[in-house]
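Chemist: Provided below are the primary sequence and the corresponding predicted coordinates.
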Amino acid sequence: MKSLKILGILIVVGAVLAAGCTTTEPPEATPAPTQTPAMKSIVETAQDAGSFTTLLTAVDAAGLTETLSGDGPFTVFAPTDNAFAALPEGTVAVLLEDPEGELKDILLYHVVSGNLMAEDVGTQPDAMTLLGKRIRFDTTDGVMVEGATVTTADIICSNGVIHVIDAVMLPKGNVVETAVADGRFTTLVAAVQAADLATTLSDETKDFTVFAPTDDAFAALPEGTVATLLEDPKGQLTQILLYHVADGRYMAADVMAMETIDTLQGSTLAIDTADGVKVDGANVIITDVECSNGVIHVIDAVIIPPEA
């Protein structure tokens, strides 16, 4: 019995000694956390890319570097150096001579407030720019913005997003601005201003289709007609002018598919495509003059509403 107790003690002691001699594996080292690079601003991202030197020079000259480095967020449709080089020779140099003028307007036309991702572009037809004019999207084949192709989308920055485009977008005038600049609509413009319709037709948040009679069309009216209409511009003149305007943006292809079109005057215009395109008997002689807030189709006669 005594021998058994001694044997038990020896077994326990041996087990303890064996446990004490067991090699303990050192704990695995915890890897140091990887530092995520700080996201850069739109300006810094463009600088790092190396393909926007002309854009950045223009932005700096126009005093917009601080703006585009601020909180935002902004969406920038960024033309590459090649896009600027494709402009007519000397264009960039001329723009840089007056950076606070047309150059600044062009740059602001490339910037939208907020984060507008590529998937958002596919769900909306247009967006308002910082210039106060809209840019229109076309996703029929890839993504196009005012005729420029988006070559790289969704470059995320700390204060917004960059979409790279292959052409410089030039702002369009609104319906009134376009008519004034054209030079063939002086009587129409004078009538619009006299009837206090210039503000309405300059609204950048709306779209209008204008069937615009030329000066020759007004001159073909019976002698003294225009002068008489201008004596009471809020009366019959306003009715005649509104009869030349439709709510919405109808390109020539749209018009040709229609038999009538509603006007702001309240009556409808008859569309005849049997021989060219006629609108209430007036020939459409130029189509699809695109404006920032609609489209102009030029006609060769003044059309009179039935109630006038």
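Modeler: Happy to help now that I have it. Because the structure is predicted, anything quoted here is derived from the model rather than measured.
Chemist: How is the residue nearest the centre of the chain assigned, secondary-structure-wise?
Modeler: The C-alpha lying nearest the average C-alpha coordinate of the chain belongs to I135 (CA atoms, centre = their mean; 2.2 Å). Using DSSP: H, G, I helix; E, B strand; the rest coil, the structure places I135 in strand.
Chemist: Please look at it and A127 and confirm they touch.
Modeler: Yes. I135 is within contact range of A127, at 5.9 Å (criterion: CB atoms under 8 Å). All C-beta atoms are positioned from the backbone trio N, CA, C, and that covers glycine.
Chemist: what sits in contact with each of those two?
Modeler: V112 (CB atoms under 8 Å, 6 or more residues apart in numbering).
Chemist: Which residue is the nearest non-sequential neighbour of T54?
Modeler: Spatially, and ignoring its direct neighbours in sequence, T54 is nearest to F84 (4.1 Å; CB to CB, 6 or more residues apart in numbering).
Chemist: phi, psi of the one you found?
Modeler: phi -70, psi -40 (degrees, to the nearest 10).
Chemist: cool, and T238?
Modeler: For T238, the backbone dihedrals (degrees, to the nearest 10) come out as phi -60, psi -40.
Chemist: and it, what is it in contact with?
Modeler: Per CB under 8 Å, 6+ apart, neighbours of T238: 195, 197.
Chemist: now it: how far from V302?
Modeler: Counting by CB to CB, to the nearest Å, the gap from T238 to V302 is 14 Å.
Chemist: what's the answer for D81, then?
Modeler: Look at D81 and V302: by CB to CB, they are 49 Å apart.
Chemist: More neighbours: which of those two?
Modeler: Taking neighbours as other CB atoms under 10 Å, D81 and V302 compare with V302 leading, 24 against 15.
Chemist: since we're on the spatially closest residue to R134 that is not a sequence neighbour, how many residues are nearby?
Modeler: In space, R134 comes closest to D126 once its chain neighbours are excluded; the distance is 4.5 Å by CB to CB, 6+ apart. Residues within reach of D126, counting by other CB under 10 Å, total 17.
Chemist: Next SSE downstream of the host helix or strand of D105?
Modeler: In this assignment (DSSP states H and E), D105 forms part of helix 104-108. Where DSSP H and E defines the elements, the next helix or strand beyond helix 104-108 is strand 111-113.
Chemist: just checking, what packs against that following strand?
Modeler: strand 74-79, strand 126-128 (3 or more CB pairs under 8 Å, 6 or more residues apart in numbering; DSSP states H and E).
Chemist: Tell me the buried residues in that strand?
Modeler: For strand 111-113, a neighbour-count test (16 or more other CB atoms under 10 Å) marks 111-112 as buried.
Chemist: Equivalent analysis for stretch 45-56, please.
Modeler: 45-46, 49, 52, 54-56.
Chemist: Which two of these have the greatest separation?
Modeler: Pairwise distances across those peak at 16.0 Å for T45 and T54 (criterion: CB to CB).
Chemist: Mind telling me what element L55 is part of?
Modeler: Following DSSP H and E, one finds L55 within helix 53-61.
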